[in-house]
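A.B. asks: Sequence below, structure please.
(one chain, ligands or ions: 2)
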Amino acid sequence: MNRVRCLILNAALGPLDYRVPDGMEVEPGSVVACPLGPRTVIGIVWEAKRLPGTDVPAEKLRPLREVLPVPGLPAPLRRLIEWTADYYCASLASVARMALSSGGALKGPATMTEYRLSGGLPERMTPQRQAAIEALEGEQANIRELSGMAGVSEGVLRGLVNQGVLEPVEVDCDRPYDHADPDFAQPALSPQQRDVADRFIDAVSARKFAPFLLDGVTGSGKTETYFEPVAEALRLGRQVLVLLPEIALTEAFLARFEARFGAAPVLWHSSLKSTERRRAWRAVAGGSAQVVVGARSALFLPFARLGLIVVDEAHEVSFKQDDGVRYNARDVAVMRAHFEAAPVILASATPALESLQMAESGVYTRVELPSRFGGAQMPVIGTIDLTEEKPGAGQWLAPRLVAGIEERLARGEQSLLFLNRRGYAPLTLCRNCGYRFQCPNCSAWLVEHRFSKRLACHHCGHETAPPATCPDCGEPDCMVACGPGVERIADEVAERLPEARVFVATSDTLNSPGRAAEFIAMVEAGAIDVIVGTQLVTKGFHFPELTLVGVVDADLGLEGGDLRAGERTYQQVAQVAGRAGRGSKPGEVLIQTRHPEAAVIAALAAGDRDAFYDAETEGRRLAGAPPFGRWAAIIVSSEDDTEARMAANRIGDTRPQVEDCMILGPAPAPLSLLRGRYRYRLLINARRSVQLQDIIRSWLGAVHHPPGVRVAVDIDPYSF
Ligand code: ADP
Ligand code: ZN
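C.D. replies: Ligands and ions are numbered 1, 2, ... in the order given. Next up, the predicted model:
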């Protein structure tokens, strides 16, 4: 091969052709350094027949500089990159960048430098140095990461390096991981579990694409069951990828994994240190990483011998990426398994309608675990009609729910109150003039967080201290809270049941694996009586003494008329209900609602999942919504409102006329201002037979915009 076509990573260019100098060995997938103008950029050698390129004769092409000393991207991963770019209307380069996201893994040697405290002190102590030294006790990372942890500038830390207060440590990124042993501790499976596990094991040994929907009630032991094919893959020397929705908070999962396999899995998520990223990437590519447990981005790792993929809690929203390349990890996982010729298991107690439909139509094999493990009973579910059983003034919990908590307290059992709203109150007003505290960057209210004494935007992260006076009318001490958040509910419990030990569990309080582990230990030790939490506590946790779950406001998710509102509410409530009574003591769930007659609530109360899914399926069929029809969104944004609106109109004005395809908008997007960008949206609804992506590509490709305008395509948008 004397010429190759390369996918250039850091350029908005198409693929480019290069000459291969004599003696250089390259093959498809090789990661190479290419000249581009005066610069050198990174590229991936690609199959020429799959990429459009130039016809420039070989002797006129510029030569490749070098082949980087890292494993190339395997063919199945290249096929996945092509599929993802194609399906989600993204550029190949933007998807390929995700595959090489570890960046440093590319050029990097096997060792990297980190720093840690040496025990020495600086000649001159300053408050910043003092703060840094206190914050970095026990930490070791590179300067950029340490600066983030300590909240001081990199300059301050470099000063400490120069004075020997921080000392360098060479980290070997090729040191091996502990060996996971498939036979370390084999649990005795129930006959039901055994059946399911055997089917998975057969699929792993067959080394063929086989998609499974593992549909098992909460507490049925889905994890134990899919650990068996994981063990089989290990015996066969194949790698395994397990995707979890909330990877930074998976202490409980990791403990179970270690108990089963005698070693921790390899972790992959966005807050890994760069040495850990590089180590994981290299071990995955080299084949020595046996089991990777990761967030959705782990799907694009260059596995050498992938033999099984598991997506746990496969219905979870967090598998949908909502910026950059907007993909759904659940669906990409199935495609990856397809290209790898491996089985994939989607596990859930409340599968997405799309997944059930795939099972119904025979594309996925559905396997069921219809009862809880060890004879534990499903909880009894009741509703509290808030229009009849009213909470007192300024209260949010009905008397019956409080009585339920009190009973549990008396018996030394635990309760969980679920409300999917962080902070103290969703909206804060000035008592004098009615001024609403709003985010300067987003069309969203600022949320008061009383524990941390901040007003925060949950969309862009903007934070301020609560002002002493109203910014509008100058009234002192003016803030009034409207509506409840978890912190307010915790206050109410503390007020009405002063002896209860209450813990607020949200991404604010459980923001690291360490904090999550502490929380679990406290619950297990019986040091917490009432957990008040957001969706973070709806899944995964297994607390045998937790016998009461209260859903504070089941109507919350049903407002707004979102296509998936019913499904999401069903999933959330069923999941959180699944936390109750998992041990030997029976569980009870109380759902507070103003609409006990709503189909979702009635189905939950009756424990009749099929009734809900049947009604939901019929509704979707009539609306031409997924899985019966397809939706896509085009989101046009700019920092300038007029510019964004004009760009959206340009797109709207050139809309194609296609049969069975309806194009709506443009209209202001639901968050019409987000992170300082004004957003407009067009929605496309089409029959399944319509080649939606082709239409969108040729349509958008013909419209040109000023540089400040961004156009994003969202195929199968999660909510709108
Ligand atoms: P799910 O994920 O389906 O909600 P889990 O996998 O969390 O259920 O299992 C529920 C509980 O039952 C866990 O504590 C788990 O360890 C236990 N369990 C499930 N299957 C077995 C088994 N075969 N042997 C021992 N314990 C089991
Ligand atoms: Zn904001």
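
A.B. asks: Pass me the low-pLDDT residue ranges in the stretch 201-350 of the chain, would you?
C.D. replies: Within the stretch 201-350 of the chain, the ranges that satisfy pLDDT under 70 run 248-249.

A.B. asks: how about the helices of it, start to end?
C.D. replies: With helices called from DSSP state H, counting those that start in this stretch, the stretch 201-350 of the chain shows them at 222-235, 251-261, 274-286, 329-340.

A.B. asks: could you dump these to JSON lines with distance to Arg97 and mean neighbour count?
C.D. replies: Quick note: C-beta positions are derived from backbone N, CA and C, even for glycine. Formatted as JSON lines, the helices of the stretch 201-350 of the chain follow (distance: least, Cβ to Cβ, whole Å; neighbours: other Cβ atoms under 10 Å):
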{"stretch": "helix 222-235", "distance to Arg97": "29", "mean neighbour count": "23"}
{"stretch": "helix 251-261", "distance to Arg97": "29", "mean neighbour count": "18"}
{"stretch": "helix 274-286", "distance to Arg97": "14", "mean neighbour count": "22"}
{"stretch": "helix 329-340", "distance to Arg97": "15", "mean neighbour count": "23"}
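
A.B. asks: so where do the strands sit in the stretch 551-700 of the chain?
C.D. replies: In the stretch 551-700 of the chain, the strands defined using DSSP state E, counting those that start in this stretch lie at 588-593, 629-638, 661-674, 677-687.

A.B. asks: in the longest one, what's buried?
C.D. replies: Yep, that's strand 661-674 we're talking about. Within strand 661-674, the residues scored as buried using 16 or more other Cβ atoms under 10 Å are Cys661, Ile663, Gly665, Pro666, Pro668, Ala669, Ser672, Leu673, Leu674.

A.B. asks: Of those residues, which are in range of ligand 1?
C.D. replies: By Cβ under 6 Å from any ligand atom, no member of those lies near ligand 1.

A.B. asks: In JSON lines, list these along with pLDDT.
C.D. replies: As requested, the buried residues of strand 661-674 are exported to JSON lines (pLDDT from 0 to 100):
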{"residue": "Cys661", "pLDDT": "89"}
{"residue": "Ile663", "pLDDT": "93"}
{"residue": "Gly665", "pLDDT": "86"}
{"residue": "Pro666", "pLDDT": "94"}
{"residue": "Pro668", "pLDDT": "94"}
{"residue": "Ala669", "pLDDT": "90"}
{"residue": "Ser672", "pLDDT": "93"}
{"residue": "Leu673", "pLDDT": "94"}
{"residue": "Leu674", "pLDDT": "94"}
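
A.B. asks: Tell me which two of these sit farthest apart.
C.D. replies: For the buried residues of strand 661-674, the farthest-apart pair by Cβ to Cβ is Cys661 and Leu673; their separation is 29.5 Å.

A.B. asks: pLDDT weak spots in the stretch 551-700 of the chain?
C.D. replies: Applying pLDDT under 70 to the stretch 551-700 of the chain flags the ranges 560-561.

A.B. asks: out of the helices of the stretch 201-350 of the chain, which comes closest to ligand 2?
C.D. replies: When these are compared for distance to ligand 2 using Cβ to the ion, the nearest one is helix 329-340, at 25.6 Å.

A.B. asks: so what does the closest one touch, helix or strand wise?
C.D. replies: In terms of contacts (3 or more Cβ pairs under 8 Å, 6 or more residues apart in numbering; DSSP states H and E), helix 329-340 is packed against helix 75-87, strand 210-216, strand 239-243, strand 306-312, strand 343-348.

A.B. asks: run the last query once more with 6 Å
C.D. replies: helix 75-87, strand 306-312, strand 343-348 (3 or more Cβ pairs under 6 Å, 6 or more residues apart in numbering; DSSP states H and E).

A.B. asks: what angle sits between the very next helix or strand once past the longest one and helix 75-87?
C.D. replies: Pointing back at helix 75-87 there. As assigned by DSSP states H and E, the chain's next helix or strand after helix 75-87 is helix 92-99. Helix 92-99 and helix 75-87 are oriented at 130 degrees to each other (axes from the mean of the first three to the mean of the last three Cα atoms, to 10 degrees).

A.B. asks: and helix 92-99 with helix 329-340, angle?
C.D. replies: Using the same axes, to 10 degrees: helix 92-99 against helix 329-340 is 90 degrees.

A.B. asks: Thanks a lot, see you next time.
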